[in-house]
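Visitor: Provided below are the primary sequence and the corresponding predicted coordinates.
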Amino acid sequence: MIASGTISEIRCLLEEGTLSQRSIAARLGVSRGTVSAVALGKRPDHEARRRLRGEDLIPPRGVPRRCPECGRRVQMPCLACYLQSARQRGR
Ligand SMILES: [Zn+2]
């Protein structure tokens with residue numbers, strides 16, 4: 001599966017308009033078909049959309065562990081870090 005970041009990178013490069021789809025594909029290590037699909041809007045960024053809607057929130061569960069990002073002892077995934085990143089995304 002192609003990472004959401006790659007899809008948005010493809011989109012950015014397409015919008016810049018300086019590189020051909022072929023060059024973008026080569027640069028990001030994806031197929032030309034993928035770049036073309038993004039260009040045609042056939043490759044919706046599901047992951048980003050889910051994040052915007054907050055649907056990527058996985059309820060924390062299990063044994064508390066040390067969060068690698070904030071260092072708190074929390075059930076993973078770390079809700080504090082999730083909320084912080086949600087705020088940074090402007091919600
Ligand atoms: Zn955390």
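Guide: Structure received.
Visitor: For Val84, which non-adjacent residue is closest in space?
Guide: For the record, residue 84 is Gln, not Val. Distances taken as C-beta to C-beta, 6 or more residues apart in numbering place Cys70 nearest to Gln84, at 7.7 Å, with adjacent residues excluded. In this view, the C-beta of every residue, glycine as well, is placed from N, C-alpha and C.
Visitor: Could you list the paired strands of the lengthiest strand in the chain along with their orientation?
Guide: In the chain, assigned by DSSP state E, the strand with the most residues is strand 61-66. Strand 61-66 has the following strand partners under DSSP bridges: strand 73-76 (antiparallel).
Visitor: The ion contacts on this protein?
Guide: Cys67, Glu69, Cys70, Cys78, Ala80, Cys81 (C-beta under 5 Å from the ion).
Visitor: To which secondary structure element type does the last one belong?
Guide: Classification of Cys81 by DSSP: H, G, I helix; E, B strand; the rest coil places it in helix.
Visitor: My guess is it contacts Pro68. True?
Guide: No. The criterion here is C-beta atoms under 8 Å, and Cys81 misses it with Pro68 at 9.0 Å.
Visitor: about what we covered before: what's the farthest-apart pair in the residues of the chain next to the ion?
Guide: Taking C-beta to C-beta as the measure, those span a maximum distance of 8.6 Å, between Glu69 and Ala80.
Visitor: just checking, what's the longest helix in this protein?
Guide: For the chain, the helix that runs over the most residues, judged by DSSP state H, is helix 4-16.
Visitor: that older thread, for the residue nearest to Gln84, helix, strand, or coil?
Guide: Classified using three-state DSSP, Cys70 is coil.
Visitor: gap between it and Pro64?
Guide: 13 Å (C-beta to C-beta, to the nearest Å).
Visitor: same thing with Ala37?
Guide: Ala37 is 42 Å from Pro64, by C-beta to C-beta.
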